[in-house]
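Student: Return a 3D structure for these sequence lines:
(4 chains)
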Number of protein chains: 4
Amino acid sequence: MEIFTAKLRVRTYECDSYGHVNNAVYLHYLEYARMEALYQKGYTLGIMKEKGFLVVVRRIEIDYKHPLFMNDEVVIQTNVSDARQSSGSFTQKVIRQSNERIAALAKVTWVFTDLTGKPIPIPDEIRTAFGMHLTEQPE
Amino acid sequence: MEIFTAKLRVRTYECDSYGHVNNAVYLHYLEYARMEALYQKGYTLGIMKEKGFLVVVRRIEIDYKHPLFMNDEVVIQTNVSDARQSSGSFTQKVIRQSNERIAALAKVTWVFTDLTGKPIPIPDEIRTAFGMHLTEQPE
Amino acid sequence: MEIFTAKLRVRTYECDSYGHVNNAVYLHYLEYARMEALYQKGYTLGIMKEKGFLVVVRRIEIDYKHPLFMNDEVVIQTNVSDARQSSGSFTQKVIRQSNERIAALAKVTWVFTDLTGKPIPIPDEIRTAFGMHLTEQPE
Amino acid sequence: MEIFTAKLRVRTYECDSYGHVNNAVYLHYLEYARMEALYQKGYTLGIMKEKGFLVVVRRIEIDYKHPLFMNDEVVIQTNVSDARQSSGSFTQKVIRQSNERIAALAKVTWVFTDLTGKPIPIPDEIRTAFGMHLTEQPE
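Tutor: Predicted coordinates for the structure are as follows:
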């Protein structure tokens, strides 16, 4: 199972009055890391649209374990944890590099749709690129 | 059980390239609505700090059901769904007012801490203000 | 000369580590207020696209005079200060309501374009709606 | 005169419904690049606070020249263009790397203050680190 890695350093404007990274900003980090994974495999939003499909987030579960602070070096690990007919999920770990501690742990459930928003089977090329095997039958 | 209501209209910059409200922005909406609930009961971040406590989000589960678009009128309903010794959760509904459809449904788990981040029992005044009754014993 | 008014209350996530509203967020406030002015006259981004024109920001000058803090009630006043052939400018004041003090003062220069980005004369209906008179000849 | 360089790639959530980077996001980019310049010289917000000073933005002028799109590689060049007693300015260029075109050009005026917000002379160590020479007498 391939693990995709994205890196960033916490920017000042991402911290809120508590002095640490705002909860909503973690979702930006997660989105950034998912897009990086797609980008590494040759997919951008534009390319997917041309091919007639989109991937849409249906559900996010995120546990905030330890705060992140300004200038922290951060690694986000993303891997496919589940793939069904048209939907599946990523597990994403937000790791503070200096102490290798997990700052946040997320499970992101997505579905592939056509350009009108109707669910479609996960495209074969995506299954191949990401090594997605059907993990469960019923959806 | 009291339901707190916050209202807003979707602003242009909250929409992303998909043309609808970005997933991370929903967490802003949820935070805004929780802060509104606290505000309606007389609590701001500053007042809580003076009193020596903070409320920290530990986990968010959010289901994205229907997209929101620019200028949509939105209502966010927030209520206490669970309260233990020092932690508990809110249920939050993001509702698109024009068709009364739930755009997103969230469960937000929080913990009360002192100013050093150590969990403390939910302050009595908070229990009273929000009608929180111990719903479960073990934590 | 008509002055358009938009109101908001500072939200927690708009404040940064300095404890006050982040500089970039003011541009969100200004955009929100401009869109409100358009909205009050019956224009949304969608409607303008249908009619074949867009208004694009070319330059912003903003003076930060006094900080804004969480929960501050804010009024943004917007008025046309200048209109030429295809471009013009708004003056925008961000006012902290409690002491009627100007938090920020901005001049926003815009241009009307067709959907390909080519400048076009300011549409007549816009001139009428906003009471824009040619203020200067050369552009 | 030293030119500081910061790099980034445009992230999906930074683009708005127009399909390009939102105007307010440029201010994030500029702030990021200024903080990078300080960071390269050994200064963080925390360190400056410990030393008893802060640098506060007073005015921003920004010209939007060409749009930026998702996944664009961007370079931001920052240099001191002016230094007086306690205030001065940076010139900042946001450059789209693929065609070396200037996407935006900004002049950012700042002032050094103590921790209460009162203007103070630019600290000597800052003058040395950034090669700031008094460029004009009256302030």
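Student: what's the average pLDDT for the biggest strand by length in chain A?
Tutor: Secondary structure of chain A per DSSP state E: the longest strand is strand A:101-113. For strand A:101-113, the mean pLDDT works out to 98.
Student: Next one: it, is it in contact with chain B?
Tutor: No. Counting by C-beta under 8 Å from any C-beta of the partner chain, chain B is not contacted by strand A:101-113; separation bottoms out at 8.8 Å. Backbone N, C-alpha and C define where each C-beta goes, glycine included.
Student: ok, residues contacting whichever helix or strand comes after that strand?
Tutor: Next along the chain after strand A:101-113, taking DSSP states H and E as the criterion, comes helix A:124-130. Under the criterion C-beta atoms under 8 Å, 6 or more residues apart in numbering or on different chains, residues A:2, A:37, A:41, A:42, A:43, A:80, A:83, A:112, A:132, A:133 lie in contact with helix A:124-130.
Student: what do you get for stretch A:87-100?
Tutor: Residues from elsewhere that reach stretch A:87-100, judged by C-beta under 8 Å, 6+ apart: A:26, A:29-30, A:33-34, A:58, A:66, A:68, A:72-82, A:101-112, A:119, A:122, A:132, A:135, A:139.
Student: returning to what we had before: if we look at the longest strand of chain A, which residues are touching it?
Tutor: Strand A:101-113 has contacts (C-beta under 8 Å, 6+ apart) with A:26, A:30, A:34, A:53-68, A:74, A:81, A:86-96, A:119-123, A:126.
Student: The same query, at a cut-off of 7 Å, please.
Tutor: Contacts with strand A:101-113, where a contact means C-beta atoms under 7 Å, 6 or more residues apart in numbering or on different chains, come from A:26, A:30, A:53-66, A:68, A:81, A:86-96, A:119-120, A:122-123.
Student: so of those residues, which ones are in helices?
Tutor: Among these, the members falling in helices (DSSP state H) are A:26, A:30.
Student: Give me the below-cutoff pLDDT ranges for chain A.
Tutor: A:134-139 (pLDDT under 70).
Student: show me the contacts for the residue in chain A sticking out farthest from the centre.
Tutor: No residue in chain A sits farther from the centre than residue A:17, which is 26.3 Å out by C-alpha atoms, centre = their mean. Applying C-beta under 7 Å, 6+ apart to residue A:17 gives the contacts B:45, C:12, C:15, C:19, C:70.
Student: what's across from the closest residue to residue A:81 other than its chain neighbours in the sheet?
Tutor: Nearest non-adjacent residue to residue A:81, counting by C-beta to C-beta, 6 or more residues apart in numbering or on different chains: residue A:91, 4.2 Å away. Taking DSSP bridges, one finds residue A:79, residue A:107 as the beta-bridge partners of residue A:91.
Student: Tell me how far residue A:91 lies from chain D.
Tutor: Using C-beta to the nearest C-beta, to the nearest Å, residue A:91 is found at 20 Å from chain D.
Student: Kindly report the same for residue A:35.
Tutor: 5 Å.
Student: neighbours around that residue, how many?
Tutor: Using other C-beta atoms under 10 Å in any protein chain shown, residue A:35 is surrounded by 21 other residues.
Student: Thought residue D:12 was touching it, still the case?
Tutor: Yes. Counting by C-beta atoms under 7 Å, residue A:35 touches residue D:12, with 5.2 Å between them.
Student: Now which of the contacts of stretch A:87-100 would you call buried?
Tutor: Among those, the ones that count as buried by 16 or more other C-beta atoms under 10 Å in any protein chain shown are A:26, A:29-30, A:33-34, A:68, A:72, A:74-80, A:103-112, A:122, A:132.
Student: and the spatially closest residue to residue A:48 that is not a sequence neighbour, what is it in contact with?
Tutor: Excluding the flanking residues, the one nearest residue A:48 by C-beta to C-beta, 6+ apart is residue A:54, at 5.9 Å. Counting by C-beta under 7 Å, 6+ apart, residue A:54 makes contact with A:48, A:113, A:115.
Student: can you count the residues close to the first one?
Tutor: Residue A:48 is surrounded by 17 other residues when neighbours are defined as other C-beta under 10 Å.
Student: so which strand or helix has the residue nearest the centre of chain A?
Tutor: Centroid check for chain A by C-alpha atoms, centre = their mean gives residue A:34 as the closest residue, at 3.5 Å. Per DSSP H and E, residue A:34 falls inside helix A:23-40.
Student: which of the residues in the following helix or strand past that helix are buried?
Tutor: Using DSSP H and E, the helix or strand that follows helix A:23-40 towards the C-terminus is helix A:45-51. Neighbour counts over helix A:45-51 (16+ other C-beta under 10 Å) mark A:45, A:48 as buried.
Student: Output the contacting helices and strands for helix A:45-51.
Tutor: Helices and strands touching helix A:45-51, as assessed by 3 or more C-beta pairs under 7 Å, 6 or more residues apart in numbering or on different chains; DSSP states H and E, are absent.
Student: who's in contact with that helix?
Tutor: A:54, A:115, B:17, D:12, D:70.
Student: Just list the residues touching the fourth one, thanks.
Tutor: For residue D:12, the contacting residues are A:31, A:35, A:45, B:16, B:17, D:70, by C-beta under 7 Å, 6+ apart.
Student: So which of those is the closest to residue C:6?
Tutor: Taking C-beta to C-beta as the measure, residue C:6 lies nearest residue B:16 of those, at 22.2 Å.
Student: how deep is residue A:36 tucked in, by neighbour count?
Tutor: 20.
Student: Quick check: it touching residue A:5?
Tutor: No. Here residue A:36 does not reach residue A:5: they are 8.2 Å apart, not a contact under C-beta under 7 Å.
Student: joint contacts of the two?
Tutor: What both residue A:36 and residue A:5 touch, as defined by C-beta under 7 Å, 6+ apart, is an empty set.
Student: Just give me the neighbour total for the closest residue to residue A:115 other than its chain neighbours.
Tutor: Excluding its sequence neighbours, the residue lying closest to residue A:115 (C-beta to C-beta, 6+ apart) is residue A:52, at 6.1 Å. As a burial measure, residue A:52 scores 11 neighbours (other C-beta under 10 Å).
Student: which phi and psi does residue A:52 have?
Tutor: phi 90, psi 20 (degrees, to the nearest 10).
Student: From chain D, how far out is it?
Tutor: Between residue A:52 and chain D the computed distance is 18 Å (C-beta to the nearest C-beta).
Student: burial count for the nearest residue to residue A:67 once chain neighbours are set aside?
Tutor: Computed as C-beta to C-beta, 6+ apart, the closest residue to residue A:67 that is not its neighbour in sequence is residue A:20, at 3.8 Å. Other residues near residue A:20 number 20, with proximity taken as other C-beta under 10 Å.
Student: how close does residue A:20 get to chain D?
Tutor: Counting by C-beta to the nearest C-beta, the gap from residue A:20 to chain D is 13 Å.
Student: Ok, residue A:80 next?
Tutor: As judged by C-beta to the nearest C-beta, residue A:80 and chain D stand 19 Å apart.
Student: counting contacts, what elements does the helix holding residue A:34 pack onto?
Tutor: By 3+ C-beta pairs under 7 Å, 6+ apart, helix A:23-40 packs against strand A:4-9, strand A:54-64, strand A:73-83, strand A:87-96, strand A:101-113, helix B:23-40.
Student: Surely residue A:33 touches residue A:78?
Tutor: Yes. Between residue A:33 and residue A:78 there is a contact at 4.9 Å, judged by C-beta under 7 Å.
Student: what about stretch A:12-20, start to end distance?
Tutor: Counting by C-alpha to C-alpha, to the nearest Å, you get 9 Å between the two ends of stretch A:12-20.
Student: From chain B, how far out is residue A:1?
Tutor: Residue A:1 is 24 Å from chain B, by C-beta to the nearest C-beta.
Student: next one: residue A:93
Tutor: Look at residue A:93 and chain B: by C-beta to the nearest C-beta, they are 15 Å apart.
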